[in-house]
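Peer 1: Below is the structure, and that's it, no one-letter string:
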């Protein structure tokens, strides 16, 4: 009986406890699945790609034999790049015998371009003017090389709140104005690849490399942020098909570096591969060396319009060995030396052309026969009444202009300074004239001629006048004013000396 | 004296002695059984040392106090530093061994805040909440250099790491983030890594479609969900900050303040971040 009561009491005691427990707690929590966290220890950072050795540098002797190549580097278009960043490119360029010249003043751009063989503009954010674009187009047509680099990390972002000019202030907009004549164009995007990349989605591993001198020995290039090219006549580097453009976010193969159809214009959609240590990754150094080689390849032949940059090698002024130097000649020689010194070109005298040098000749019209080997290429018709009638120079086998890759022409043994400079006592008779193909005839007494011939073996500049005084005046005019007062026809300039030139029927 | 039949009073005494007293005692004892609590942790700031430490304190409290049967994180955060996010995430993983953790996304659970969402048992959001932005962001260390007046015993003593290492380490963290999302969401995740890692920020509706959250809902639904998962009823909710006795939260300068006093969305210090930086007109 008592036991029953104890059990009853216990039951009664437990009822509230059970009731409250069940009121609040209806089961026991157990995780539905094991609680897993990442195995952080197993995560591995992506490894750097291996680099391949650099190609051997050309022998210094081979480099020194070539005329120096000038690379004009643009710093006048809001270029979001420093010279230090471009060193990865300019140093191998200079190792190949090139000279880097900075373009920092837009007002001297046209003049600097005359002496350039290659032009590099990187991350330009201020558009090129129509005139600048035209100058560069003409530059390429004359054999110059143009390299345009854009980078999506170095482009001002256009936003709806900025004005139209600001929207133009991007590298792609600026570069495309320049590249349009060459059928090249950057897309205003950036490329990325979430599946195959070098440590980051915007680091593109480029293995689709087209055969070209610019890609010789290059097997893998890493770009660290790249625009695609929406027009690319000669693609050089292409992304993998899994790469996406920020414009579409869909996978597609894109071109990130290309040449134009002529092979003279290079467009590259990334700048950061030049930066340290990016330039050392994969075959980037090889790729940079190839770009440097492209920029430093054969110098562009100059035209007379690019005076005074018509000389590309040390200059030899032809002076016969037995000649006595007169005062007027020394003055002219000194002025020419000073001007050439500004171009880092020495001017020396020699009795005959020197291999590896450009040639400067000063002559009088009356000596045209002795200058025939040099004048033949210009088809001049010289009519000297005082000298015995119309005497067009007829190219002969001996007088033919030197062919390419042949030794420089040897002047006539009769050529001497007296002959070249003539005599103050023998002014040209009135009525003497010279007929220039396509231009007409001019009176020799008041006219100086500047003739220019560019050849792989050496460039030749000939100054002709009727008298030594005229020759000195012509030389001084070129030193001080250039060809600004002269009429230019191809590689012939006609310069008035003591009065305006009179043009007759051509 | 012989045995006699119990008087009514005697019967009452017997009843009181054997039934009422145990019943009263049972009732009194039952009051010792705690009412289940759903602890609420609010995160309405970036995740950095101050806010993360507060969260960890509250998570530990929840784990150590049996009356807290579940935790609901109410979040409106763009994420924060990598280390602080991972600290909270791993503390949450410990708590989840014994108690469910539900996340309620109010305005935003971006980047590091979504890292925490992936480490929750159940995620609710509003249709217009911003969810995702999975990935890492950081400023590259400076290029190596030496200074005349500063000496150190190694080339990276002042910088921490080479730039390339920084980028590759960032990729390692990305792998960890992706893994956390995949492990946390499991079969519920409807999108692949190529979409997860795009860094997009989605609305709650899209996040639900992609399996990044479990439901569109409200805070009260989040509490109910937590109660259901913890198998409790007639619960009460409590702000764990109050229970733990933490002082009122004071925002510390996580964000860079411009000289004109304007607060920017950029961190005050360099480093690696699971952080959503909204687009702005100006860069720092």
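Peer 2: Thanks, I have the structure now. Keep in mind the model is a prediction, meaning the values are calculated, not measured. Numbering: from 1, shown residues only, chains lettered A, B, ... in the order given.
Peer 1: quick one: residue B:279 from residue A:258, how far?
Peer 2: For residue B:279, the distance to residue A:258 equals 32 Å [Cβ to Cβ, to the nearest Å]. Quick note: C-beta positions are derived from backbone N, CA and C, even for glycine.
Peer 1: Look at the two and report which has more neighbours.
Peer 2: The neighbour comparison of residue B:279 against residue A:258 (other Cβ atoms under 10 Å in any protein chain shown) goes to residue A:258, with 27 against 7.
Peer 1: Let me know the distance separating the more buried one from residue A:238.
Peer 2: On the measure of Cβ to Cβ, residue A:258 and residue A:238 end up 9 Å apart.
Peer 1: And for residue B:150?
Peer 2: Computed with Cβ to Cβ, the distance linking residue B:150 and residue A:238 is 45 Å.
Peer 1: out of the two, which sits in the more crowded spot?
Peer 2: Counting neighbours by other Cβ under 10 Å for residue B:150 and for residue A:238 shows that residue A:238 has the greater number, 21 against 9.
Peer 1: Looking at strand pairing, list the partners for the more buried one.
Peer 2: Beta-bridge pairing for residue A:238 (DSSP bridges): residue A:208, residue A:255.
Peer 1: how many other residues sit next to residue B:89?
Peer 2: 25.
Peer 1: next one: residue B:64
Peer 2: 9.
Peer 1: Kindly report the same for residue A:243.
Peer 2: Residue A:243, neighbours per other Cβ under 10 Å, totals 25.
Peer 1: Could you give the backbone dihedrals for it?
Peer 2: Here is the backbone geometry of residue A:243 (degrees, to the nearest 10): phi -80, psi 140.
Peer 1: And the helices in the stretch 401-506 of chain A, which stretches?
Peer 2: Assigned by DSSP state H, counting those that start in this stretch, the stretch 401-506 of chain A shows helices spanning A:417-421, A:468-481.
Peer 1: Any idea which of those gets closest to chain B?
Peer 2: In terms of Cβ to the nearest Cβ, the element of those nearest to chain B is helix A:468-481, at 46.9 Å.
Peer 1: and the closest one, which residues are buried?
Peer 2: A:468-475, A:477-479 (16 or more other Cβ atoms under 10 Å in any protein chain shown).
Peer 1: Closest residue of the stretch 101-250 of chain B to chain A?
Peer 2: residue B:231 (3.1 Å).
Peer 1: Name the nearest residue to that residue, sequence neighbours excluded.
Peer 2: For residue B:231, ignoring the flanking residues on the chain, the nearest one in space by Cβ to Cβ, 6 or more residues apart in numbering or on different chains is residue A:27 at 3.1 Å.
Peer 1: Next: residue A:378.
Peer 2: Take residue A:378 and drop its neighbours on the chain: the residue closest to it by Cβ to Cβ, 6+ apart is residue A:451, 5.4 Å away.
Peer 1: which residues of the stretch 151-284 of chain B score low on pLDDT?
Peer 2: B:249-252, B:280-284 (pLDDT under 70).
Peer 1: Strands of that one, start to end?
Peer 2: Listed in chain order, the strands of the stretch 151-284 of chain B (DSSP state E, counting those that start in this stretch) span residues B:201-203, B:215-216, B:236-239, B:255-257, B:263-267, B:272-275.
Peer 1: neighbours around the closest residue to residue B:55 other than its chain neighbours, how many?
Peer 2: When the adjacent residues along the chain are set aside, residue B:55 lies closest to residue B:88, with 5.0 Å between them (Cβ to Cβ, 6+ apart). Using other Cβ under 10 Å, residue B:88 has 28 other residues around it.
Peer 1: With residue A:284 instead?
Peer 2: 25.
Peer 1: Up against chain A, what does the stretch 151-284 of chain B have?
Peer 2: Residues of the stretch 151-284 of chain B lying close to chain A by Cβ under 8 Å from any Cβ of the partner chain are B:162-165, B:167-172, B:175-176, B:179-180, B:183, B:186, B:193-194, B:197-198, B:229-235, B:281.
Peer 1: Only the buried subset of those, as a ChimeraX command please.
Peer 2: Of those, the buried ones go into a single ChimeraX selection, burial set by 16+ other Cβ under 10 Å:
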select /B:162,163,164,167,168,169,170,171,172,175,176,179,180,183,193,197,198,229,230,231,232,235
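Peer 1: how far out from the middle of the chain is the longest helix along chain B?
Peer 2: Ranked by residue count under DSSP state H, the longest helix found in chain B is helix B:163-185. With Cα atoms, centre = their mean, to the nearest Å as the basis, helix B:163-185 stands 20 Å off its chain's centre.
Peer 1: repeat for stretch A:193-204
Peer 2: Put simply, stretch A:193-204 sits 31 Å off its chain's centre (Cα atoms, centre = their mean).
Peer 1: what's the average pLDDT for that stretch?
Peer 2: Stretch A:193-204 shows a mean pLDDT of 91.
Peer 1: Which residue is it, in chain A, that comes closest to chain B?
Peer 2: Chain B sits closest to residue A:27 of chain A, with a gap of 3.1 Å, by Cβ to the nearest Cβ.
Peer 1: shaky segments in the stretch 51-200 of chain A?
Peer 2: A:52-66, A:156-169.
Peer 1: What segments of it are strands?
Peer 2: In the stretch 51-200 of chain A, the strands defined using DSSP E, counting those that start in this stretch lie at A:69-74, A:98-103, A:118-122, A:145-149, A:185-186, A:191-192.
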